[in-house]
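> My questions are about this predicted structure, shown below with the sequence.
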Amino acid sequence: MVFYAEAFLSDLLKVTVLDRNREPVGQVKDVAVRLGDVFPLVTRIIVRPRGRRELLPLPWSVVRSVSPEAIVLNLPKSELQPSPVQKDEILLVESVLDKQIVDVEGRRVVKVNDLKLGSIGGQLRLLAAGVGTRSLLRRLNLEGPALRIWSWFGRRPHDRLISWEHVHSLDPASQQLHLDLDREKLHRLNPADLADILGEMSAPDRARVVSSLDDETAAAAMQEMDLDLQRELLDAVDDEKAADILDEIAPDDAADLVADLPKERADELLALMEPEEARDVKELLRYPGDSAGGLMTPEFVSVPSGMTAQEAIGYLRKAAEEAETIYYCYVVDDGNRLVGVFSLRDLIVAPPTKVIDEIMERDVVTVSPDTSLEETAALITRYNLVAIPVVDEDRRILGIVTVDDVIDEVLPARWKKSLPRVF
């Protein structure tokens, strides 16, 4: 068998199929590959005979040569017999072209515009997916003119190819493209990039990928999504996974999600969550969603009054892991009543033996759990705060409302996307 070292599927679809006597047989409409190998083996061509509507599947073994001009068979037209596609095979045009795949390195979801085939050990195999502009132009018969135009500017664009071994696999039962992603690579992605990738996927693929991620990575990505997408994803995964993700999400965000669920499912998920996280969420659900109590997170840092700066630093090292932000450190008395606040900068520059009561600000701006979103936002803006503490009538600190939580509530989604990340 003779064929050129590499070819693209779009090229094969343009050539005529000839029999052994060079008589026209028809046009290639699709190509089948067998799954199981890293680079799937080409097993059949699907031909539309001239003057007929039905397709004729032929085994690749009847192909004698492949060139840009024609595919020549080793049998006369009269001896060609249909060879049906097997269960472990998939059709490339039908099942792969125009499907979405995840380009982890490029941090995006891309569409398969073409497929690269090539010789390995004398066999024609599927090597890569073409996902760039050049692949699309080739498929549309516009590659030649485009290359000439690019050459006027001294440019020759490369094909954007993603090796088949790194991208995806196919489920022959459903004939659909599914994702087969390197979890380590996904774990290393910035949560915002991962959230963008997940947001571009189909709903089934999104649920499947999130279910395969560790809980911390899945939660970090979910917190970068808009609330509607978070809800959709929470509905799509099983209850165990949903509860595990809620355990990792900030309590205030978890409460927002649980509040929108039907009561029966909300109760089921709360029962599956870790007791401490579930308790925090239930506490937040007591307050209206547009109040300081509904927006606050119980994950803040407080230190006992009377500590030295050095003691406070050691205390914070242990407490920092559970805190949403330690930009502010709140000072409390023996009854957990708020008596002051200092910034991390104040603590670092203070002499080690200095008592924190001497560096803290005593006049702390606070809100109550019932304070409205608008008033809370106004106070944060007026005093240029990163966070504001929420206290009860006895001035016991219940939580903090951070500026990003306020932004999430008051700014349109398109504005939030353009803001720099505070935390």
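Received, thanks.
> Do a quick rundown of the strands in the stretch 1-150 of the chain.
Using DSSP state E, counting those that start in this stretch, the strands of the stretch 1-150 of the chain run over 2-3, 6-8, 16-18, 24-34, 41-49, 56-59, 63-66, 70-73, 89-91, 100-103, 108-111, 114-120, 123-130.
> want to try a markdown table for those strands, with mean pLDDT as columns?
Converted to a markdown table, those look like this (pLDDT from 0 to 100):
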| stretch | mean pLDDT |
| --- | --- |
| strand 2-3 | 50 |
| strand 6-8 | 79 |
| strand 16-18 | 93 |
| strand 24-34 | 92 |
| strand 41-49 | 92 |
| strand 56-59 | 93 |
| strand 63-66 | 88 |
| strand 70-73 | 91 |
| strand 89-91 | 90 |
| strand 100-103 | 65 |
| strand 108-111 | 68 |
| strand 114-120 | 86 |
| strand 123-130 | 85 |
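> Switch those strands over to JSON lines; also include mean neighbour count and distance to residue 209.
Where you see a C-beta, it was placed from the backbone N, CA and C, and this is true even at glycine. Formatted as JSON lines, those follow (neighbours: other CB atoms under 10 Å; distance: least, CB to CB, whole Å):
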{"stretch": "strand 2-3", "mean neighbour count": "14", "distance to residue 209": "36"}
{"stretch": "strand 6-8", "mean neighbour count": "18", "distance to residue 209": "28"}
{"stretch": "strand 16-18", "mean neighbour count": "20", "distance to residue 209": "39"}
{"stretch": "strand 24-34", "mean neighbour count": "21", "distance to residue 209": "24"}
{"stretch": "strand 41-49", "mean neighbour count": "21", "distance to residue 209": "27"}
{"stretch": "strand 56-59", "mean neighbour count": "19", "distance to residue 209": "33"}
{"stretch": "strand 63-66", "mean neighbour count": "19", "distance to residue 209": "37"}
{"stretch": "strand 70-73", "mean neighbour count": "21", "distance to residue 209": "38"}
{"stretch": "strand 89-91", "mean neighbour count": "23", "distance to residue 209": "21"}
{"stretch": "strand 100-103", "mean neighbour count": "21", "distance to residue 209": "8"}
{"stretch": "strand 108-111", "mean neighbour count": "16", "distance to residue 209": "11"}
{"stretch": "strand 114-120", "mean neighbour count": "20", "distance to residue 209": "23"}
{"stretch": "strand 123-130", "mean neighbour count": "22", "distance to residue 209": "18"}
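> Of all these, which one is nearest residue 203?
strand 100-103 (12.1 Å; CB to CB).
> Give me the domain ranges for the protein.
Domain assignment of the chain by automatic domain parsing yields the ranges 2-93, 187-286, 302-416.
> Redo those domains as a markdown table? Include distance to residue 117.
Shown next, in a markdown table, are these (distance: least, CB to CB, whole Å):
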| stretch | distance to residue 117 |
| --- | --- |
| domain 2-93 | 5 |
| domain 187-286 | 25 |
| domain 302-416 | 42 |
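> hang on, the earlier thing: of all the strands of the stretch 1-150 of the chain, which lies closest to residue 404?
Proximity to residue 404 (CB to CB) singles out strand 108-111 among the strands of the stretch 1-150 of the chain, at 24.8 Å.
> Can you tell me which of the strands of the stretch 1-150 of the chain is nearest to residue 364?
strand 108-111 (44.7 Å).
> Scan the helices and strands of the chain for the one with the lowest mean pLDDT.
The helix or strand of the chain with the lowest confidence, counting by mean pLDDT, DSSP states H and E, is helix 413-416 at a mean of 42.
> Isn't residue 274 up against residue 245?
No. In this structure, residue 274 is not within contact of residue 245 by CB atoms under 8 Å, at 12.0 Å.
> Reformat the strands of the stretch 1-150 of the chain as JSON lines; add distance to residue 216.
Converted to JSON lines, these look like this (distance: least, CB to CB, whole Å):
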{"stretch": "strand 2-3", "distance to residue 216": "48"}
{"stretch": "strand 6-8", "distance to residue 216": "41"}
{"stretch": "strand 16-18", "distance to residue 216": "54"}
{"stretch": "strand 24-34", "distance to residue 216": "37"}
{"stretch": "strand 41-49", "distance to residue 216": "39"}
{"stretch": "strand 56-59", "distance to residue 216": "48"}
{"stretch": "strand 63-66", "distance to residue 216": "49"}
{"stretch": "strand 70-73", "distance to residue 216": "52"}
{"stretch": "strand 89-91", "distance to residue 216": "35"}
{"stretch": "strand 100-103", "distance to residue 216": "20"}
{"stretch": "strand 108-111", "distance to residue 216": "22"}
{"stretch": "strand 114-120", "distance to residue 216": "36"}
{"stretch": "strand 123-130", "distance to residue 216": "30"}
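> Relative to residue 350, which of those is closest?
strand 108-111 (46.4 Å).
> how about the helices of the stretch 51-200 of the chain, start to end?
Along the stretch 51-200 of the chain, the stretches classed as helices by DSSP state H, counting those that start in this stretch are 92-95, 133-139, 143-152, 164-167, 183-188, 191-200.
> shaky segments in the stretch 201-350 of the chain?
The stretch 201-350 of the chain contains residues with pLDDT under 70 at 320-325.
> let's go with 80 and repeat that
Scanning the stretch 201-350 of the chain for pLDDT under 80 picks out the ranges 201-205, 318-327.
> now the strands for it?
302-304, 328-332, 338-343.
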